[in-house]
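1. Fold the following for me, if possible:
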Amino acid sequence: MALSYRASSVLSVLLLVSHLHAQGSGPCFGGTGGPGGDFDWVVESGETFILDTTFTQIVGGPGGSPTAVLDVVDGVVDLRNLLIEPGGLVLVQGPNPLLIFATGDVVIRGELSLSGLSARNVATLNTGNVVEIGGAGGPAGGKGGNANVNTTSSSPRGGTGNGPFGLIGVGGQGGESGYAPGVLGKNARRPGGGGGARFAADRVGAPVPSGFSLVASAGNSGNPQGLGAESGLSPSAGGAAGPGAFADAKAGNDYFGVRPVVSGGHIALVRGELPGLWAGYGGGGGGNAVPSSTFPNPSFNFSSDEKGGAGGGGGGSLHVKAIGRIVFGAGGEILCNGGLGGTGENTNFLDHVGGTGGAGSGGHVVLESASQVDFTDGGANTSALPRSWILAAGRPLRTGVTGDIDVCCRTQSNGGASSGGVVQLHVPRATLPPGTDPARTDILVPTAVAELRDPLLYLGAPRAYELFPTCTSFLRAGLASGVGAGFGAGAPEAIGLVEWTPLAVPLALDISALELSERP
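-> Model (predicted):
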């Protein structure tokens with residue numbers, strides 16, 4: 001599809017996008033303001049609230065007063081305002097994504113956590129009759145692969161991690177079990193580690209906090225003295241990294257929705273590969289170490305083989321749709337990371353003879369505002385330095401404690417690293433870069449961030465995508481009385497919602513001839 005259009009303002013581009021994409025079948029904003037239309041949820045300092053996306057009840061009301069009960073069914077939170085105070089924590093779990101519909105503001109000064117769980121380290125001996133269970137994914141995220149999957153005979157390989165929404169076997173691959181005669185010693189039979197999970201394309205060289213990863217890798221192979229239980233080759237193979245969610249290797253379309261690319265006064269609209277909200281993937285389980293000259297072990301019993309550790313869970317799934325602002329305080333953060341794989345069974349202190357599980361990938365965070373996404377807390381934190389307000393990262397190669405492992409074998413059987421997830425910021429004026437002036441941007445950032453060449457790279461990991469709303473049209477027209485009244489300082493003039501209609505655009509949309517005036 002080719003389109004020629006001359007635009008004299010950002011508003012013209014929004015009208016164009018609305019015209020192109022208003023092909024849906026009805027409203028896609030389900031927010032009503034909650035019970036009474038004025039339900040405010042306040043998570044106080046020092047409070048930990050566990051939200052299960054199957055069913056949870058929240059007590060709140062106007063200003064957070066405990067006057068009404070909101071039923072959260074299938075992960076849908078319908079309210080007016082949400083405030084997580086400094087030191088407040090919301091932990092989200094369950095099989096469904098977390099969907100927050102706010103007719104007012106969403107203010108995060110504490111922590112909203114949707115991360116996958118780390119698998120348990122194998123801390124027992126002689127439990128070959130027990131499966132090692134993979135770490136649970138965050139809400140809708142993939143579970144890590146199990147380890148020691150056979151309990152009545154030797155396991156040939158760790159289990160493969162799962163994908164979002166219960167997709168089976170699409171995460172990191174399990175590590176291959178290794179076998180060698182017992183007379184060669186414990187090191188000879190060290191197996192392959194589980195493969196790390198992948199969601200988004202690898203971001204090699206991109207900034208990421210210590211202890212996290214944006215690049216997926218295979219698990220480390222086993223000892224060259226041993227053989228692989230499936231292949232019969234030496235060494236036993238580490239599990240492959242997961243394939244991920246995307247058909248091509250380009251990072252520029254790893255999202256859902258429509259992203260404007262502005263260059264030289266021209267704009268192109270790029271449709272993402274994802275069909276909708278997604279989540280992270282689980283890592284693969286580590287292989288077992290089998291003391292035998294043949295496989296399977298003819299002398300198998302519950303104490304014969306050293307078990308591998310299971311894979312880590314994938315990060316969860318979050319979509320916030322706010323007619324008002326989405327605001328981050330000085331210590332506010334959204335965490336949607338993958339979990340670590342578990343270390344394998346030991347024979348002497350922490351020597352990890354069993355293979356270590358691979359890490360789960362980061363999850364999917366979508367923040368959508370008809371007004372602004374504000375990382376300055378209404379101007380209170382304009383002097384803040386770059387940091388991770390939103391973190392949907394994977395985890396690095398897992399070695400565990402190495403002090404009790406012989407020097408020869410410290411790079412063997414380790415669990416693979418995992419990739420990051422996807423972070424999306426949807427605002428009306430998505431053609432404008434982040435900045436400090438609300439008249440010139442819909443993504444407000446501290447001064448030190450705005451001065452960087454690519455501010456979106458320094459709001460967290462991975463780099464956020466700036467996109468148009470998934471529902472059009474968001475226009476600056478004012479809201480009906482009482483709608484959008486929000487928490488926090490520095491609330492701008494209300495941003496109106498003319499209509500919400502789902503986007504439905506061609507996968508290939510060529511509008512290279514469209515002209516847009518230079519960005520301010």
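2. mind checking pLDDT for the residue of the chain most remote from its centre?
-> In terms of distance from the mean C-alpha position of the chain, Val183 ranks first, at 45.3 Å (CA atoms, centre = their mean). Note for Val183: predicted pLDDT of 97.
3. Would it be right to say that it lies in a helix?
-> Yes: checked against DSSP: H, G, I helix; E, B strand; the rest coil, Val183 lies within a helix.
4. quick one: the helices in the stretch 301-450 of the chain?
-> 447-450 (DSSP state H, counting those that start in this stretch).
5. Run through the bridge partners of the closest residue to Val320 other than its chain neighbours.
-> Excluding its sequence neighbours, the residue lying closest to Val320 (CB to CB, 6 or more residues apart in numbering) is Ile100, at 4.5 Å. For every residue, glycine as well, the C-beta is placed using N, CA and C. Residues in a beta bridge with Ile100, per DSSP bridges, are Val77, Val320.
6. what about Ile100, distance to Leu397?
-> 34 Å (CB to CB, to the nearest Å).
7. what do you get for Gly34?
-> For Gly34, the distance to Leu397 - CB to CB - is 44 Å.
8. Looking at these two, which is more packed in?
-> Neighbours per residue (other CB atoms under 10 Å) separate Gly34 from Leu397, with Gly34 holding more: 25 against 22.
9. Tell me, what's the model's pLDDT at that one?
-> 97.
10. Tell me the pLDDT of the nearest residue to it once chain neighbours are set aside.
-> Leaving aside its sequence neighbours, Gly34 sits nearest to Leu79 (CB to CB, 6+ apart; 4.1 Å). Looking at Leu79, its pLDDT stands at 97.
11. Now do the contacts for Leu79.
-> Going by CB atoms under 8 Å, 6 or more residues apart in numbering, Leu79 touches Gly31, Gly33, Gly34, Phe39, Asp40, Trp41, Gly60, Leu70, Ile100, Phe101, Ala102, Thr103.
12. Hmm, which of those residues is lowest in pLDDT?
-> Gly31 (90).
13. wait, doesn't Phe468 sit right on Val261?
-> No: assessed by CB atoms under 8 Å, Phe468 is found out of contact with Val261, at 11.7 Å.
14. who has more neighbours, these two?
-> Taking other CB under 10 Å, Phe468 and Val261 do not tie; Phe468 has more neighbours (26 against 11).
15. Count the neighbours of the nearest residue to Gly331 once chain neighbours are set aside for me.
-> Excluding the flanking residues, the one nearest Gly331 by CB to CB, 6+ apart is Pro86, at 5.6 Å. Other residues near Pro86 come to 15 when the count uses other CB under 10 Å.
16. Kindly report the same for Gly193.
-> Other residues close to Gly193 by other CB under 10 Å number 46.
17. same check, this time on Pro181
-> Pro181, neighbours per other CB under 10 Å, totals 14.
18. Tell me the spacing between it and Arg189.
-> 9 Å.
19. joint contacts of these two?
-> Common neighbours of Pro181 and Arg189, counting by CB under 8 Å, 6+ apart, are Pro291.
20. who's in contact with the residue nearest the centre of the chain?
-> Using CA atoms, centre = their mean, the residue of the chain that lies closest to the mean C-alpha position is Gly363, 1.4 Å off. Gly363 is in contact with 114-116, 137-138, 141, 199, 279-280, 314-318, 336-338, 392, 421, counting by CB under 8 Å, 6+ apart.
21. what mean pLDDT does stretch 279-297 have?
-> What stretch 279-297 shows for mean pLDDT is 98.
22. List the buried residues in whatever helix or strand Gln57 lives in.
-> Using DSSP states H and E, Gln57 falls within strand 55-60. For strand 55-60, a neighbour-count test (16 or more other CB atoms under 10 Å) marks Thr56, Ile58, Gly60 as buried.
23. Dump these to CSV, plus distance to Ser45.
-> Formatted as CSV, these follow (distance: CB to CB, whole Å):
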residue, distance to Ser45
Thr56, 21
Ile58, 17
Gly60, 16
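24. which one of the residues you listed sits closest to Gly357?
-> Nearest to Gly357 among the buried residues of strand 55-60 is Thr56, at 29.6 Å by CB to CB.
25. Excluding chain neighbours, what is closest to Pro62?
-> Nearest one to Pro62, counting by CB to CB, 6+ apart, is Asp38 at 4.8 Å.
26. ok, the one you found - how many residues close by?
-> Neighbours of Asp38 under the rule other CB under 10 Å: 20.
27. just Gly194 next, same as before
-> 52.
28. same question, Pro209
-> Pro209 has 12 neighbours, counted by other CB under 10 Å.
29. Quick check: it touching Pro462?
-> No: shown here, Pro209 and Pro462 do not form a contact pair, counting by CB under 8 Å, at 11.6 Å.
30. Overlap in contacts, these two.
-> Common contact partners of Pro209 and Pro462 (CB under 8 Å, 6+ apart): Ala393.
31. how about the strands in the stretch 151-300 of the chain?
-> 178-180, 227-228, 258-263, 266-271, 289-291 (DSSP state E, counting those that start in this stretch).
32. scratch that, the stretch 351-500 of the chain is what I was asking about
-> For the stretch 351-500 of the chain, the strands defined by DSSP E, counting those that start in this stretch cover 364-369, 373-374, 390-391, 422-426, 443-444, 460-461, 465-467, 471-475, 496-502.
33. Which of the contacts of Leu79 sits closest to Glu230?
-> Ile100 (45.0 Å).
34. how near is Ala393 to Ile84?
-> From Ala393 to Ile84 the distance is 21 Å (CB to CB).
35. Between the two, tell me which one has more neighbours.
-> Ala393 (33 against 26).
36. CA atoms only for stretch 372-388 - export them in PDB, please.
-> C-alpha atoms of stretch 372-388 as PDB (Å, rounded to 0.1, in the frame of the first residue of the first chain):
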ATOM      1  CA  GLN A 372       1.700  12.000  29.100                       C
ATOM      2  CA  VAL A 373       4.200   9.500  30.400                       C
ATOM      3  CA  ASP A 374       6.100  11.400  33.000                       C
ATOM      4  CA  PHE A 375       9.400  10.300  34.500                       C
ATOM      5  CA  THR A 376       9.900  13.500  36.500                       C
ATOM      6  CA  ASP A 377       6.900  13.100  38.900                       C
ATOM      7  CA  GLY A 378       5.200  16.200  37.800                       C
ATOM      8  CA  GLY A 379       8.500  18.200  37.800                       C
ATOM      9  CA  ALA A 380       9.600  17.100  41.200                       C
ATOM     10  CA  ASN A 381      12.500  15.000  39.900                       C
ATOM     11  CA  THR A 382      13.800  17.000  36.900                       C
ATOM     12  CA  SER A 383      17.400  16.700  38.300                       C
ATOM     13  CA  ALA A 384      17.300  12.800  38.500                       C
ATOM     14  CA  LEU A 385      20.100  10.900  36.800                       C
ATOM     15  CA  PRO A 386      19.400   8.200  34.200                       C
ATOM     16  CA  ARG A 387      18.300   4.900  35.800                       C
ATOM     17  CA  SER A 388      16.000   2.000  35.200                       C
END
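37. which other residues reach it?
-> With CB under 8 Å, 6+ apart, stretch 372-388 has contacts from 107, 109, 209, 325-330, 332-333, 367, 389, 425, 427, 436, 438, 442-449, 452, 458-461, 488-492, 495.
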